[in-house]
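In: mind looking at a prediction? Sequence and model below.
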Amino acid sequence: MLDVKLIRENPELVRQGLLNKNAKDIVSEVLAVDEERRQLILRTDELKSKRNQVSAKIPQMKKAGEDTTLLLAEMKLVSDEITQLDITLREKEEVLEEILRYTPNLSHSSVPVGKTAEENVETKQWLPEGFSFENDFKPLDHIQLGKKLKILDFERGTKISGSGFPLYIGKGATLERALINFMLDYHLQHHGYSEVMPPILVNRESMKGTGQIPKMEEDMYLIEKDGLYPIPTAEVPITNIHRDEILTEKELPVKYVGYSPCFRREAGSYGKDSKGFLRVHQFNKVEMVKFVKPETSYDELELLVKDAEDILQALKVPYRLLLLCTGDLSFSAAKCYDIETWSPAENKWLEASSCSNFEAFQARRANIRFRREETKKPEYLHTLNGSGLATSRLMISILENNQTPEGKIVVPKVLQKYTGFEIID
RNA sequence: GGAAAGGUGCUAGAGUGGUUGAAUAGGACGGUCUCGAAAACCGUUGUAGGGGCAACCUUACCGAGGGUUCGAAUCCCUCCCUUUCCGCCA
């Protein structure tokens, strides 16, 4: 959520920022409603103040034996007026809230201006030793490999639940679990995160806090009977750990890493890039979330990206880094890097991680603050999160990049102690 | 699922219609004392909105939302949550 004060004080800045993000210009509307709102507050506060004064006087008058009938009648009218004005005021506030909830975050000045994904900027490419984009043999894709080696069974997954619910079998299941454990351990041992295992069903407030609702509501599963949402990412429960809290300056940065399954309806995205693991309703992800002081958040973003990269380098998976342009940034993000891993069979890059700085956008929504020792005043902190990483897309790259001409899979060295086997055949 | 109790400030815990933003205790912070510390004593210790250059003024908030009233933490209604006991169960 954007700060109304920012809009009030820097309308042109906000206007340009929204334009860069391909978003609707709501500045004039917000300013108008905000002005009305403040006028109403002025008015009601004055009346309430009067009411409070008179109400304090009444018991004294009664004690002195004075007649209060007239005064009571008069105050009744004042109270009625307050009730009416309060209703109008609340309507204005709801309008304002509604506009702001649907308005995306502004991007950081270091983000390239652009309309679509075409204008994202590749900032880095990392290829393992001996890697080549040219193949000596025609690589099988992950679906063919999964079927041949009996490690992935998309048909039966469909039978059990529907399309987009992958079933891992045998060494495939073990490999998946190994990958999750490896990533968690790596972040814990090398990057200083604390592990969390969050609830997978969350309430509406939590979904609002991180910005999935109301804008992305259609893409979320909902268990209506209990009003609970299966999480689309562990970002939701983990960020909401500190909802409505004031942290101390000393404890920042707070860094969490957690594994969870993720559920996405992917409404309306059928057809394109939807086979196998490319687009699924349920997948596994290790997520990193940070709560940091505002002045450090962009340094923390670079570190966050590095944390994700370390995993890929350890696994020897070829990847590249994209700095998203303003138009391709997600709703809540101020700056974001995507990490894409290479799929030799698809012959293209696949997004496996997204690392974002939300600045105070989520913190304002979820009311997460910290108290500076110097000023003693509560202040919104900055939140960041990044996948570290999502397993399904990563699994595509691992399977395809480690296949032998015979169609076997060599398990990456760092995973072998987790799997207990070195080869899948 | 059945029954009961309860939700108040950083915490514990009073308060059942009128200077109560809220007693008291603990914690934290500052001070006195001390070579230093402890103890003791004194003081400070909410958040948000609005107005003002500022000192400051003002409004709201005692789980959430409604209602009664000139006036609600206190009375009434609805909802949510927590705890305990019973049942069921991984």
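Out: That came through, no problem.
In: beta-bridge partners for the closest residue to RNA strand B within the stretch 151-300 of chain A, please?
Out: Using Cβ to the nearest atom of the strand, residue A:246 is the residue of the stretch 151-300 of chain A that sits closest to RNA strand B, at 6.8 Å. In short, each C-beta sits where N, CA and C put it, glycine included. According to DSSP bridges, the residues that bridge with residue A:246 are residue A:369.
In: can you give me the pLDDT of it?
Out: Residue A:246 carries a pLDDT value of 88.
In: cool, residue A:274 as well?
Out: 66.
In: equivalent analysis for residue A:271, please.
Out: Residue A:271 is assigned a pLDDT of 56 by the prediction.
In: list the buried residues of stretch A:284-302.
Out: A:284-292, A:297-298, A:300-301 (16 or more other Cβ atoms under 10 Å).
In: is RNA strand B contacted by that stretch?
Out: No - applying Cβ under 7 Å from any atom of the strand, one finds stretch A:284-302 separated from RNA strand B by no less than 14.5 Å.
In: how far off centre is that stretch?
Out: Between the centre of stretch A:284-302 and the centre of its host chain there is 11 Å, according to Cα atoms, centre = their mean, to the nearest Å.
In: quick one on the thing from earlier: okay, and which of the buried residues of stretch A:284-302 map to helices?
Out: A:297, A:298, A:300, A:301 (DSSP state H).
In: in space, what's closest to the third one - neighbours in sequence excluded?
Out: In this case it means residue A:300. residue A:292 (4.8 Å; Cβ to Cβ, 6 or more residues apart in numbering).
In: name the element residue A:237 belongs to?
Out: helix A:235-239 (DSSP states H and E).
In: show me which residues of the stretch 201-350 of chain A sit near RNA strand B.
Out: Counting by Cβ under 7 Å from any atom of the strand, the residues of the stretch 201-350 of chain A near RNA strand B are residue A:246.
In: tell me where the stretch 201-350 of chain A is predicted with low confidence.
Out: For the stretch 201-350 of chain A, residues meeting the criterion pLDDT under 70 lie at A:268-274.
In: tell me where it has strands.
Out: A:201-202, A:229-230, A:245-248, A:254-263, A:282-292, A:319-323, A:335-343, A:348-357 (DSSP state E, counting those that start in this stretch).
In: list the contacts of the closest residue to residue A:359 other than its chain neighbours.
Out: Leaving out its chain neighbours, the residue that sits closest to residue A:359 by Cβ to Cβ, 6+ apart is residue A:334, at 4.6 Å. For residue A:334, the contacting residues are A:105, A:106, A:107, A:108, A:111, A:356, A:357, A:358, A:359, A:361, by Cβ atoms under 8 Å, 6 or more residues apart in numbering.
In: what sits against the residue in the stretch 301-425 of chain A that RNA strand B sits nearest to?
Out: Of all residues in the stretch 301-425 of chain A, residue A:378 sits closest to RNA strand B, at 4.2 Å by Cβ to the nearest atom of the strand. Applying Cβ under 8 Å, 6+ apart to residue A:378 gives the contacts A:246, A:369, A:370, A:371.
In: the same query, at a cut-off of 6 Å, please.
Out: Residues in contact with residue A:378 (Cβ atoms under 6 Å, 6 or more residues apart in numbering) are A:246, A:369, A:371.
In: swap in residue A:257?
Out: Applying Cβ under 6 Å, 6+ apart, the residues contacting residue A:257 are A:187, A:193, A:195, A:288.
In: residue A:174 now?
Out: Counting by Cβ under 6 Å, 6+ apart, the residues that residue A:174 touches are residue A:419.
In: next SSE downstream of the host helix or strand of it?
Out: Here residue A:174 sits within helix A:171-190, counting by DSSP H and E. Scanning forward in sequence from helix A:171-190 by DSSP H and E, the next helix or strand is strand A:194-196.
In: what residues does that next one touch?
Out: Contacts of strand A:194-196 (Cβ under 6 Å, 6+ apart): A:188, A:238, A:256, A:257, A:258.
In: and stretch A:133-151, by the same measure?
Out: A:152, A:169-172, A:276, A:344-345, A:396, A:399-400, A:405, A:407, A:424.
In: and the pLDDT at residue A:152?
Out: 95.
In: so the nearest residue to it once chain neighbours are set aside, which state does it fall into?
Out: Counting by Cβ to Cβ, 6+ apart, residue A:152 lies nearest to residue A:146, which is 2.8 Å off, once chain neighbours are set aside. Counting by DSSP: H, G, I helix; E, B strand; the rest coil, the backbone at residue A:146 sits in helix.
In: residue A:146: neighbour count?
Out: 25 (other Cβ atoms under 10 Å).
In: so the residue in chain A sticking out farthest from the centre versus RNA strand B, what's the distance?
Out: Largest separation from the mean C-alpha position in chain A: residue A:65, at 64.1 Å (Cα atoms, centre = their mean). Computed with Cβ to the nearest atom of the strand, to the nearest Å, the distance linking residue A:65 and RNA strand B is 14 Å.
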